[in-house]
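In: sequence? don't have it. structure:
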């Protein structure tokens with residue numbers, strides 16, 4: 001078993017601050033399941049406006065819960081490795097009927113119709 005670094009108190013606090021808003025939980029859930037994911041695909045999946053998504057993505061980046069790479073005109077987001085296990089354990093109780101489950105179904109529907117950018121960054 002690899003030796004994993006424990007989160008600092010500040011990192012744990014930042015994680016829980018990020019999880020305090022349902023919109024950020026929805027964004028993190030989608031990123032966790034489909035990373036790397038383009039910000040425009042997040043907007044399409046959640047129905048959030050570009051400015052709303054950008055504000056919350058910047059909040060998550062500032063607290064280092066997510067990382068991003070730019071490819072051409074797109075930003076692709078992933079969950080920071082040091083938070084993956086904690087995020088997965090926090091989201092594990094998600095049910096199909098929840099808002100999180102609905103987001104995942106919507107992503108699949110949009111992806112199957114070819115309406116997502118859904119490309120991997122270079």
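Out: Cool, got the structure. Because the structure is predicted, anything quoted here is derived from the model rather than measured.
In: where along the protein do the helices fall?
Out: Using DSSP state H, the helices of the chain run over 9-18, 22-34, 39-46, 50-62, 81-91, 99-112.
In: which helices and strands does the fifth one pack with?
Out: I take that to be helix 81-91. helix 9-18, helix 22-34 (3 or more CB pairs under 8 Å, 6 or more residues apart in numbering; DSSP states H and E). Where C-beta positions appear, they are placed from N, C-alpha and C, glycine not excepted.
In: now the second one
Out: For helix 22-34, the packing partners by 3+ CB pairs under 8 Å, 6+ apart come out as helix 39-46, helix 50-62, strand 74-79, helix 81-91, helix 99-112.
In: okay, those in TSV with distance to residue 12 and mean neighbour count next?
Out: Formatted as TSV, those follow (distance: least, CB to CB, whole Å; neighbours: other CB atoms under 10 Å):
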stretch	distance to residue 12	mean neighbour count
helix 39-46	25	20
helix 50-62	15	15
strand 74-79	15	20
helix 81-91	8	15
helix 99-112	22	15
